[in-house]
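# 3D model of this:
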Amino acid sequence: MSPPRTPLGRRLLPEGSVPRPLLAVLTIVALLAILMPLVIVANAPRIVPIERKVARARPPQRVIPPAELPPVEPAEFVAVSREDAVAYNASIPFSTAPLLSARPFRIIGDEASIARATDCLTAGVLYEAGDDTVGQRAVAQVILNRVRHPAFPKTICGVVFQGAERRTGCQFTFTCDGALARRYSEAAWARAHDVAAAALRGKVEKAVGTATHYHTNWVVPYWSSSLDKISEVHTHLFFRWTGWWGTPPAFNGRYVAAEPLIAKMKGIAPSHGAAEDVPIVAGEVAIDLPILAPEAMPKPLAGDPNSFLVTLDRRLPPGEYAAYAGLVCADRPYCKFLAWTDRADTPAALPGDPRQMERMAFSYLRDRARGFDKALWACDRFPRPEPGQCMKVQVFMPSPARADSPRLEALPGSGLRAALGAGEAKENAPTELTGVRRRTGTLAPTVPAPAAPPPVRRTMGPELPKPQ
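Below is the predicted model of the structure:
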């Protein structure tokens, strides 16, 4: 007869062999092993598709009407991985509208200004596209397109270094991320210089049309989906504004042939100064620190925060007046900057005395809503290379003395004479009535005075014979 069977657990762990505290601990561990995965799954981070992440961060897409100037967004990027960025950029279709070429750009100005512009453009194409001629031509075209567009500065150095005073968010990242501390070889700089010089002499890169924006394929700027994607050159994608602002007629801004000195270019390009001559500067323009100190910066007029009446520091070169005005106006969409070189000539308010306005040295007016950005010099004192940069000569003409207006108390028959203190000598005299004949004792007829003989006018004909 076989022995009775016992449960397996009793054979392995005889009854009473496991202490109760240990059994409780094992039970808790078993429960945690079941509950912890459930908690982790329930509270796992949500995986948001790249399209939804960008849609939340980007501004709403709309076609900006011609009467409204499009905003220039800082170069900020959506936080996504490189793989997600490439996938998202590939999902945005190219515009089906025609790819129209830009007009040739031919630089004007004096030799120093052209040299500074060429070096700024050289740095832009080299540090943005590297030592790649095809990419450099595309970047150069975008920079020149911006110079002509009303939404951007009107100098090449101003476009390249727009926002360079920031630590992040500058328009071209190499100007604020420390990349300028890295030097390319002289041969690479020379090749980029040739590309820049050709673009400034009228060479057009048709592959990018009227593009004003671009980015590499592995990043996603906040503005990318709100513009029209029109072209691709290597790993760069090129964009233009939607609607009228992306068409050739919108590029009607006039280039200001007064390129500023860029402090960050000193030591890189001779046209912007040698490295040992670098002054302490604030922002992008090489101006002495005392002029740019907060307490020394001009204040706007009382009641008009967009207008400045300024006495210029005599240490400031005339070629940098426009750059200085840009610093004073900062990011104001509308700004009026009027400047004199003598404090005695500077008016305290507008409108100024005509003689003071005649002695104005420089003026700058910005109206981004109308696409207007103009700097003018008094060319009789500060010669400029282009007549369009000169103020019109203002000649003060004194106003002719005006005849005294008729006074009511002087009019005959006016009852205001006594009220205004006129004719006190005849205060008690009776009022004369016109049209009433009074008895004077003798009625003598009025004899009109003989008319004066007409004046003799000399002519160029023969003289009349004299009477005998």
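
# so who does P317 touch?
Not one residue lies near P317 by C-beta atoms under 8 Å, 6 or more residues apart in numbering. Bear in mind the C-beta positions are built from the backbone N, C-alpha and C, glycine included.

# avg pLDDT for stretch 135-149?
The average pLDDT for stretch 135-149 rounds to 96.

# what about A67, how many neighbours?
The criterion is other C-beta atoms under 10 Å. On that basis, A67 has 8 neighbouring residues.

# can you check the one 10 residues further on too?
F77 has 15 neighbours, counted by other C-beta under 10 Å.

# That one against V219, yeah?
Yes: F77 lies in contact with V219 (C-beta atoms under 8 Å); the separation is 5.0 Å.

# Quick one: residues contacting R201.
Counting by C-beta under 8 Å, 6+ apart, R201 makes contact with 106-107.

# begin at 38 from here
Sure thing, new numbering starts at 38, so read that last one as R238.

# now for whichever strand or helix holds A127, which elements pack on it?
Using DSSP states H and E, A127 falls within helix 119-128. Judged by 3 or more C-beta pairs under 8 Å, 6 or more residues apart in numbering; DSSP states H and E, helix 119-128 is in contact with helix 87-94.

# I'd guessed R291 sits against T192; true?
No: the criterion here is C-beta under 8 Å, and R291 misses it with T192 at 11.1 Å.

# Now do the end-to-end distance for stretch 247-259.
Its first and final residues considered, stretch 247-259 spans 20 Å by C-alpha to C-alpha, to the nearest Å.

# Kindly apply the preceding question to stretch 380-399 instead.
With C-alpha to C-alpha, one end of stretch 380-399 sits 14 Å from the other.

# go on, stretch 262-282?
16 Å.

# any low-confidence regions in the stretch 188-337 of the chain?
For the stretch 188-337 of the chain, the stretches with pLDDT under 70 are 202-206, 311-333.

# which residues in it form helices?
All helices of the stretch 188-337 of the chain, identified by DSSP state H, counting those that start in this stretch, fall at 193-197, 223-237, 326-329.

# For the second one, buried residues please.
Translated: helix 223-237. 226, 228-230, 232-234, 236-237 (16 or more other C-beta atoms under 10 Å).

# Output the contacting helices and strands for it.
helix 148-166, helix 170-185.

# Please tabulate those helices in JSON lines and include distance to A248 as additional columns.
Supplementary listing: the helices and strands packed on helix 223-237 in JSON lines, determined by distance: least, C-beta to C-beta, whole Å:
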{"stretch": "helix 148-166", "distance to A248": "13"}
{"stretch": "helix 170-185", "distance to A248": "5"}
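
# Just put these in a markdown table and tack on mean neighbour count and distance to W260.
Below are the helices and strands packed on helix 223-237 laid out as a markdown table (neighbours: other C-beta atoms under 10 Å; distance: least, C-beta to C-beta, whole Å):
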| stretch | mean neighbour count | distance to W260 |
| --- | --- | --- |
| helix 148-166 | 22 | 17 |
| helix 170-185 | 23 | 14 |
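
# Can you tell me which of those helices is nearest to S128?
Nearest to S128 among the helices and strands packed on helix 223-237 is helix 170-185; the distance by C-beta to C-beta comes to 22.5 Å.

# who does the closest one touch, helix- and strand-wise?
The contact analysis (3+ C-beta pairs under 8 Å, 6+ apart) places helix 170-185 against helix 148-166, helix 193-197, helix 223-237, strand 250-253, strand 265-270, strand 273-277.

# quick one, the helix holding A127 and strand 273-277 angle?
Interaxial angle of helix 119-128 relative to strand 273-277 (axes from the mean of the first three to the mean of the last three C-alpha atoms, to 10 degrees): 40 degrees.

# hmm, back to that, can you list the buried residues of helix 223-237 in JSON lines and add distance to P102?
Putting these into JSON lines (distance: C-beta to C-beta, whole Å) gives the following:
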{"residue": "W226", "distance to P102": "43"}
{"residue": "R228", "distance to P102": "42"}
{"residue": "A229", "distance to P102": "38"}
{"residue": "H230", "distance to P102": "40"}
{"residue": "V232", "distance to P102": "36"}
{"residue": "A233", "distance to P102": "35"}
{"residue": "A234", "distance to P102": "38"}
{"residue": "A236", "distance to P102": "31"}
{"residue": "L237", "distance to P102": "33"}
